[in-house]
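Undergrad: Here's my sequence, what's the structure:
(one chain, ligands or ions: 2)
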Amino acid sequence: TDRSETEALRGRIAEALERARRRTIGLTECLDEAELVAQHSRLMSPLVWDLAHIGNQEELWLVRDVGGREPVRQDIDQLYDAFKHARADRPALPLLDPAQARDYVGTVRDKVWDVLDRSPLHGRDLVRDGFAFGMIAQHEQQHDETMLATHQLRVGEAVLAAPPTPARGVAVTGEVVVPAGEFTMGADSDPWALDNERPAHPVHVDGFAIDAAPITNEQYLAFVDDGGYERPELWSERGWAHRMEAGLTAPQFWDQDGGGRWWRRVFGVMQPLRAQQPVVHVCWFEAEAYARWAGKRLPTEAEWEKAARFDPESGRSRRFPWGDGDPTEALANLGQHHLEPADVGAYPAGASPAGVHQLIGDVWEWTSSGFEAYPGFRAFPYREYSEVFFGGDYRVLRGGSFGADQVACRGTFRNWDHPIRRQIFAGFRLARDLRSDER
Ligand code: AVJ
Ligand code: FE
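TA: Ligands and ions are numbered 1, 2, ... in the order given. I've put the predicted structure just below:
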């Protein structure tokens, strides 16, 4: 059975790698050469850079390190090292053209199938339980989500399509109270959890209330209509300075017509603002101002994870709000099956036992926490994945979006970005301290 377990693991690895590659191809085959090499935003790489970078990381870790093979293209390592060139400078580099980049990722992948066949999936940490393969599948999916954000920024005819999100199944309003107490934060047994999710450790969390659902467009519009963007007292000093400098007046991709009606541009298609859809494309400073307006605050990262994982009945932390089973299409809006967040109440089966909905999928949720190492953190397998970002000007996001794949989304998964960023698929929900009569 040891042997059949290893074969099953190889099958899961192959499936994760293939799913990522299908998505990468889908995101790049629909655009012509000029669009693949163009810079659609200074915040983003040309898509052809992401494509070859995906192959280069796979070559570095799976072909060279795990496989111990000769390099495929050592000469291009520098070009695709994210730390060597800022995103805005990448279009000017002598990059592989789209045909060369496609050849390159294909050549690397062919070698990886051979490495996967021959590599033990036990022994040193890098290969144990297929970690390096899982890390590379997650890396490709993370870049696919970034490429999807580039698609959303691009101007022109729509090229992506997907079925509409499921309709609301139940009405979800109000808050859920999470009583004070300790819970286990971080990953212990998940073999593909990344270094920043480790180690699992006990955290005491004071009692708090958390919204049962993410903040919707309708709720956010009430803030806009109440002069939210014109009232400095609602914003932090840094937030207001940014609001002024960037000229923020509403979430990114919102547009008001002459008649006062609000629209949202979704992958090149204008749609009337959907009232019950979670707000998306807001920066952390906008979330902070909304929270002050609403008389509440963002949850800390520990509060978010406790709401998502702690099972009061068993006292255990689980993988997901619904339990330990993998996400499915009925549980969460993940994996780019849809091109936007689903209305609040669309995933009743994915709620936590206490009734907190849509923690996983739909929108990344800003938390109040900076990105820091857990006690006992060990950089693995490279400092540049997480460690170099600790203590920087970042805020943690949790839960994954409609554009996050399940291989790179779980109750312990940590994402981070600068508080001014809003091209990512980010929204938020609110929390608050308990009043004395609630404790
Ligand atoms: C974890 C999403 C912040 O995209 O910058 C991709 C993931 N790290 N390649 C990013 C990542 C290296 C990272 N985030
Ligand atoms: Fe990368």
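Undergrad: phi, psi of the residue of the chain found nearest ligand 1?
TA: Residue of the chain nearest ligand 1, by Cβ to the nearest ligand atom: Gln142 (4.3 Å). Bear in mind the C-beta positions are built from the backbone N, C-alpha and C, glycine included. Main-chain torsions, Gln142, degrees, to the nearest 10: phi -60, psi -40.
Undergrad: ok, the longest helix along the chain near ligand 1 or not?
TA: If you go by DSSP state H, the chain has its longest helix at helix 2-29. No. In terms of Cβ under 6 Å from any ligand atom, no part of helix 2-29 sits within range of ligand 1; the closest distance is 12.5 Å.
Undergrad: buried stuff in that helix?
TA: Within helix 2-29, the residues that count as buried by 16 or more other Cβ atoms under 10 Å are 9-10, 13-14, 16-17, 19-21, 23-24, 27-28.
Undergrad: what's the answer for stretch 310-318, then?
TA: Buried residues in stretch 310-318 (16+ other Cβ under 10 Å): 310-311, 317-318.
Undergrad: relative to helix 2-29, how tilted is the helix or strand harbouring Tyr104?
TA: Secondary structure from DSSP states H and E places Tyr104 in helix 98-118. Using axes from the mean of the first three to the mean of the last three Cα atoms, to 10 degrees, the inter-axis angle of helix 98-118 relative to helix 2-29 is 170 degrees.
Undergrad: Just list what helix 98-118 packs against, helices and strands only.
TA: Under the contact criterion of 3 or more Cβ pairs under 8 Å, 6 or more residues apart in numbering; DSSP states H and E, helix 98-118 touches helix 2-29, helix 33-37, helix 47-58.
Undergrad: Can you pull the residues of this protein lying near ligand 1?
TA: Residues of the chain lying near ligand 1 (Cβ under 6 Å from any ligand atom): 139, 142-143, 146, 385, 415-416.
Undergrad: Save these as JSON lines, and put in distance to Glu35, secondary structure and neighbour count too.
TA: Shown next, in JSON lines, are those (distance: Cβ to Cβ, whole Å; DSSP: H, G, I helix; E, B strand; the rest coil; neighbours: other Cβ atoms under 10 Å):
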{"residue": "His139", "distance to Glu35": "23", "secondary structure": "helix", "neighbour count": "20"}
{"residue": "Gln142", "distance to Glu35": "22", "secondary structure": "helix", "neighbour count": "18"}
{"residue": "His143", "distance to Glu35": "17", "secondary structure": "helix", "neighbour count": "23"}
{"residue": "Thr146", "distance to Glu35": "16", "secondary structure": "helix", "neighbour count": "20"}
{"residue": "Tyr385", "distance to Glu35": "30", "secondary structure": "coil", "neighbour count": "15"}
{"residue": "Asn415", "distance to Glu35": "27", "secondary structure": "strand", "neighbour count": "23"}
{"residue": "Trp416", "distance to Glu35": "29", "secondary structure": "strand", "neighbour count": "22"}
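Undergrad: Let me have the residues you listed in JSON lines, extended by distance to Gln39 and pLDDT.
TA: Below are the residues of the chain next to ligand 1 laid out as JSON lines (distance: Cβ to Cβ, whole Å; pLDDT from 0 to 100):
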{"residue": "His139", "distance to Gln39": "22", "pLDDT": "98"}
{"residue": "Gln142", "distance to Gln39": "20", "pLDDT": "98"}
{"residue": "His143", "distance to Gln39": "16", "pLDDT": "98"}
{"residue": "Thr146", "distance to Gln39": "14", "pLDDT": "98"}
{"residue": "Tyr385", "distance to Gln39": "25", "pLDDT": "96"}
{"residue": "Asn415", "distance to Gln39": "24", "pLDDT": "99"}
{"residue": "Trp416", "distance to Gln39": "24", "pLDDT": "99"}
